[in-house]
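>>> Next comes the sequence, and after it the predicted model I'd like to discuss.
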Amino acid sequence: MKKTSTVLYCVCVSAVGLVLLAGIGSWWGMRSADHLPPEERVRQQFQIHRADFIRFAELLRKDASARSVSRDGEVDRDEIHSSLVPEYRELMRKIEAKAVIVGKDGSVEFEMWGVGCAICSDSNMGVRYVPEYRKLDSNRGWEQVTVTSLESAALPQEKGSVATGLYVVPIEPNWFVYRFEYRE
């Protein structure tokens with residue numbers, strides 16, 4: 001009898017712990033966009049490292065098989081090796097990007113900040129380059145929407161939070177501050 005009650009007690013405590021953990025994860029996911037930096041901080045990051053962003057975009061335009069670049073400069077591609085990895089690594093460090101995603105349309109998203117998790121929503125922010133000669137199309141299949149501000153209150157809402165979408169504010173021709181929201 002004592003063994004059965006001990007097992008039942010452990011199962012109940014584990015279940016309560018999982019429910020609390022799921023609740024905290026959901027709460028954190030809803031608040032996650034509050035932890036993105038102000039749009040102005042991203043704009044300043046671009047201005048300070050403008051030459052590095054431009055150099056990075058030029059390298060990626062020449063490196064046609066690159067699809068993404070990780071924080072350590074490693075490239076996701078069909079080919080096995082790239083002589084550009086050391087330069088990518090240095091540029092990632094300089095611009096302080098978490099990841100770089102290259103779209104089939106030639107667009108490049110330099111992800112500077114991001115929050116999210118497997119069971120909650122994702123919010124990413126950074127700098128986006130879109131070449132003139134390409135169709136404006138997102139890397140993730142989302143059409144970019146030009147807005148006047150990336151603050152949560154200024155963006156389209158859905159069920160009390162920012163609606164799923166790719167929102168951009170122009171910095172200069174072909175360059176944007178972007179915010180990507182994906183709601184679970």
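Nice, thanks for sending it over.
>>> and stretch 39-56, how far apart are its ends?
21 Å (CA to CA, to the nearest Å).
>>> now the helices for the protein?
2-31, 39-48, 50-62, 85-95 (DSSP state H).
>>> ok, and what's touching the third one?
In this structure, residues lying in contact with helix 50-62 by CB atoms under 8 Å, 6 or more residues apart in numbering are 46, 66, 69, 84, 87-88, 91, 94-95, 100, 102, 106, 108, 110, 127, 129, 131, 175. In short, each C-beta sits where N, CA and C put it, glycine included.
>>> same thing but at 7 Å, please
Helix 50-62 has contacts (CB atoms under 7 Å, 6 or more residues apart in numbering) with 46, 66, 84, 87, 91, 94-95, 102, 106, 108, 110, 127, 129.
>>> do the same with the second one
Residues outside helix 39-48 that contact it (CB under 7 Å, 6+ apart) are 53, 96, 112, 125-127, 149-150, 169, 171, 175, 177.
>>> wait, what's in contact with Gly73?
85-86, 88-89, 92.
>>> Now with 6 Å, please.
85, 88-89, 92 (CB atoms under 6 Å, 6 or more residues apart in numbering).
>>> List only buried entries from the residues you listed.
88-89, 92 (16 or more other CB atoms under 10 Å).
>>> Can you convert the residues you listed into JSON lines and add a column each for pLDDT?
Listed next are those as JSON lines, based on pLDDT from 0 to 100:
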{"residue": "Tyr88", "pLDDT": "89"}
{"residue": "Arg89", "pLDDT": "90"}
{"residue": "Met92", "pLDDT": "94"}
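>>> Using TSV, please lay out these together with distance to Leu36.
Compiled in TSV, these are given as follows (distance: CB to CB, whole Å):
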residue	distance to Leu36
Tyr88	25
Arg89	25
Met92	20
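>>> ok so, going back, which among the contacts of helix 39-48 count as buried?
Here, 16+ other CB under 10 Å leaves 53, 112, 125-127, 150, 169, 171, 175, 177 buried among the contacts of helix 39-48.
>>> Check the gap between the residue most central in space within the chain and Tyr178 for me.
For the chain, the residue whose C-alpha lies nearest the mean C-alpha position (CA atoms, centre = their mean) is Asn124; its distance is 3.3 Å. For Asn124, the distance to Tyr178 equals 8 Å [CB to CB, to the nearest Å].
>>> for this structure, which spans come out with low pLDDT?
1-34, 77-82, 118-119, 133-141 (pLDDT under 70).
>>> Check the buried ones among the contacts of helix 39-48 and tell me the two furthest apart.
Phe53 and Leu150 (17.9 Å; CB to CB).
>>> How far away from the center of its chain is stretch 154-165?
On the basis of CA atoms, centre = their mean, to the nearest Å, stretch 154-165 sits 17 Å off its chain's mean C-alpha point.
>>> any idea how far Val108 is from Tyr88?
On the measure of CB to CB, Tyr88 and Val108 end up 12 Å apart.
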